[in-house]
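Engineer: give me a 3D structure for the following:
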Amino acid sequence: MSDIVPEISSLVVHSLVNQYPHLLRYWQENNFVFSPIPLHLRRKLWRGYNQSALLAEKIALELNMNTRSDLITRIKNSLPQSLIKDRRLRCHSLNKTFSCATTTPPPNIILFDDVYTSGSTINSAAGALPENCHIWGLSLAG
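Structural biologist: You can find the predicted model right below:
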């Protein structure tokens, strides 16, 4: 995975710079921070890496933005969303899966995940953050 991270991140950066320059400028001017969707510790140990974290770090670096992987913790080891076909079950499977890991999160956050299907993962992670946070979601595919 780490071999392809620079290529994928360059494509994402190119797309943001060329297709969404106003959005990118808004994020940069308002000090948005990339926060990758965390894996449960067991899954991360089994896999050896978190692809969303690797990509978020590289994309943020290329955009001169910051990454915070310590904002959210995955406290429940749920099934991968790709294995759950029913949309209602996807939403339910992620109920109370994430927890805010800091008492003072930044006010502007971009939750980053590699794939967006039903929105359950990003919505569940966003729900763990305080209501006064301004949260955006960004993914590679969806």
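
Engineer: for this protein, which helix extends over the most residues?
Structural biologist: The longest helix of the chain (DSSP state H) is helix 5-19.

Engineer: helix or strand right after it?
Structural biologist: Next helix or strand after helix 5-19 toward the C-terminus (DSSP states H and E): helix 21-29.

Engineer: what's in contact with that following helix?
Structural biologist: Residues from elsewhere that reach helix 21-29 (CB atoms under 8 Å, 6 or more residues apart in numbering): 16-17, 63-65, 108, 110, 136. Backbone N, C-alpha and C define where each C-beta goes, glycine included.

Engineer: can you pick out the most distant pair from those?
Structural biologist: Val17 and Asn108 (19.3 Å; CB to CB).

Engineer: relative to Gly48, how far out is Ile109?
Structural biologist: Applying CB to CB, to the nearest Å, the value for Ile109 to Gly48 is 26 Å.

Engineer: pretty sure Gly137 sits in a strand.
Structural biologist: Yes. The assignment for Gly137, made by DSSP: H, G, I helix; E, B strand; the rest coil, places it in a strand.

Engineer: what sits closest to it if chain neighbours are left out?
Structural biologist: Excluding the flanking residues, the one nearest Gly137 by CB to CB, 6 or more residues apart in numbering is Ile122, at 4.1 Å.
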